[in-house]
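In: the following block contains a protein sequence and its predicted model.
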Amino acid sequence: NAGVTQTPKFRVLKTGQSMTLLCAQDMNHEYMYWYRQDPGMGLRLIHYSVGEGTTAKGEVPDGYNVSRLKKQNFLLGLESAAPSQTSVYFCASSYGGYEQFFGPGTRLTVL
Amino acid sequence: SQQGEEDPQALSIQEGENATMNCSYKTSINNLQWYRQNSGRGLVHLILIRSNEREKHSGRLRVTLDTSKKSSSLLITASRAADTASYFCATDGLSNTGKLIFGQGTTLQVKP
């Protein structure tokens, strides 16, 4: 099993550009989450999903959109990237809302 | 705002010594979890302790929870160089959706 995978691993954007980060899990987990991690800080929840077709806002949702069209995939979109969105983005999934399994992260730089 | 506050922010010890990290949180919880993050990697779950538990062990890890003080501690015994990583506590804030609120983490360096 691959667990949780994220694509791409690295990306550099210019201010105003858009992009989509893809998270995929093969553990049949219902719950999926998107976090961002900034230097010296813990993770902050952006959006999450408790099942296919559902999404909800987390702590820092502004500037991001998400979709969960398939149970195994959770997409995070940036419509108009800003330098403040420079960060490392982590996706996670869980079964029953307990232990979360994390992907390797996407390092995004917005110039 | 982040719920968990961890102390110390950084810890440096010699191999074989014990490492203790503390976490404080603000609201009631169902459970508290500890995660490890190696440099440049994703987080890895270490242990979960429920609100009605006071202590839990897993290998060289010992976690305590004091809900009256809203605090937890993670003890790593007989540390190894491979334990060098950042450690985060995370609480669910009584969420039924599995949402976690992470602390800022403790960076542990174990010197060989």
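Out: Nice, I can see it. Numbering: from 1, shown residues only, chains lettered A, B, ... in the order given.

In: nearest spatial neighbour of B:V44, chain-adjacent residues omitted?
Out: B:R36 (5.1 Å; C-beta to C-beta, 6 or more residues apart in numbering or on different chains). All C-beta spots, glycine's among them, are computed from the backbone N, C-alpha and C.

In: next secondary structure after the host helix or strand of the one you found?
Out: Using DSSP states H and E, B:R36 sits in strand B:31-37. Sequence order places strand B:43-50 as the next helix or strand after strand B:31-37, per DSSP H and E.

In: give the buried residues for that next one.
Out: B:43, B:45-49 (16 or more other C-beta atoms under 10 Å in any protein chain shown).

In: with distance to chain A as extra columns, can I get the residues you listed in JSON lines?
Out: As requested, the buried residues of strand B:43-50 are arranged in JSON lines below (distance: C-beta to the nearest C-beta, whole Å):
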{"residue": "B:L43", "distance to chain A": "5"}
{"residue": "B:H45", "distance to chain A": "5"}
{"residue": "B:L46", "distance to chain A": "10"}
{"residue": "B:I47", "distance to chain A": "9"}
{"residue": "B:L48", "distance to chain A": "6"}
{"residue": "B:I49", "distance to chain A": "11"}
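
In: what about the residue nearest to B:V44, how many neighbours?
Out: 21 (other C-beta atoms under 10 Å in any protein chain shown).

In: give me every residue that touches it.
Out: B:43-44, B:46, B:85-88 (C-beta atoms under 8 Å, 6 or more residues apart in numbering or on different chains).

In: and if you look at A:E99?
Out: Contacts of A:E99 by C-beta under 8 Å, 6+ apart are B:33, B:45, B:48.

In: output these as CSV; include the columns pLDDT.
Out: Output for the contacts of A:E99, formatted as CSV (pLDDT from 0 to 100):
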residue, pLDDT
B:Q33, 96
B:H45, 97
B:L48, 96
